[in-house]
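1. What shape does this take:
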Amino acid sequence: MGLLDQLGSMLGGHQEVERLANGEGNFEDPNSPDHDRFGQMLGHASPEDLQASVRQAAERIETQDYTDHVTPGVNGTNPLGMVGQGGLSTIASTIMGSLMHHGSGGGTGMFGGGGGGGGFGSLMNMIPGLRTTDPNQMDASQVAVLADYARRNHPDAFSHAASQLGQQNPSLLQHLLGNKFMMMAAAGLATKFLSSRFKH
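-> Residues are numbered from 1 along each chain as shown. You can find the predicted model right below:
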């Protein structure tokens, strides 16, 4: 049995994978087996496939839906506040590192061009509401501002950071993305899984 077949059986068979690919994953219920299925896919997906799936979901999700998800207190929820300071620092440093990396290509990116200090310090000038660039000092609202800015303005950097988090700590990814975003990303990954399976 090949790796793709093993993964298919771990995910509950072809029908379950097709259901996820059709965007029918249930991420609203914390006890839904789809959370485990997504975790299995994260563990087996290539970083490129995961990044592409998150990137596609980032383009498709309604801007307000994502802003509402990450902003503490909206709809009575605070998903980022549930990860603790260590989790917040990890999310923030991953997003900031990705913004720096993706924004510095060829001197024309986010922090490229004439050297006037630049670096993390310039993030505070570019991101409304950001009060610190020290990930260890960021509370949930600061991480929310950072994540929302990255998703809106630098989706490549956001999806790169999300794929890194997903492969290191799927739980943090879930808090960062939210249920609707997760459902879309899972659909993208399941579609890639199905298409690669049929190629073999």
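2. got the buried residues for stretch 133-149?
-> 133, 135, 138, 140-149 (16 or more other C-beta atoms under 10 Å). For glycine as for every other residue, the C-beta is placed from the backbone atoms N, C-alpha and C.
3. of these, closest to residue 193?
-> residue 147 (26.6 Å; C-beta to C-beta).
4. my guess is that closest one contacts residue 159, does it?
-> No: counting by C-beta atoms under 8 Å, residue 147 sits too far from residue 159 to count as a contact (11.8 Å).
5. So, low pLDDT: which residues of the protein?
-> Per-residue confidence for the chain (pLDDT under 70) gives these ranges: 1-10, 103-119, 197-200.
6. and with 90 instead?
-> Along the chain, segments meeting pLDDT under 90 span 1-17, 28-30, 35-47, 59, 75, 100-126, 128, 167, 170-171, 192-200.
7. Need the distance between the two termini of stretch 73-87.
-> 18 Å (C-alpha to C-alpha, to the nearest Å).
8. And the host helix or strand of residue 64, what's buried?
-> Assigned by DSSP states H and E, residue 64 belongs to helix 63-70. In terms of neighbour count (16+ other C-beta under 10 Å), helix 63-70 has its buried residues at 66, 67, 69, 70.
9. I'd like the residues you listed laid out as TSV, including distance to residue 168.
-> Output for these, formatted as TSV (distance: C-beta to C-beta, whole Å):
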residue	distance to residue 168
66	21
67	25
69	21
70	19
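10. Now do the contacts for the residue lying closest to residue 69 once chain neighbours are set aside.
-> Distance criterion C-beta to C-beta, 6 or more residues apart in numbering; nearest residue to residue 69, sequence neighbours excluded, is residue 178 at 3.7 Å. Neighbour list for residue 178: 65, 66, 69, 70, 79 [criterion: C-beta atoms under 8 Å, 6 or more residues apart in numbering].
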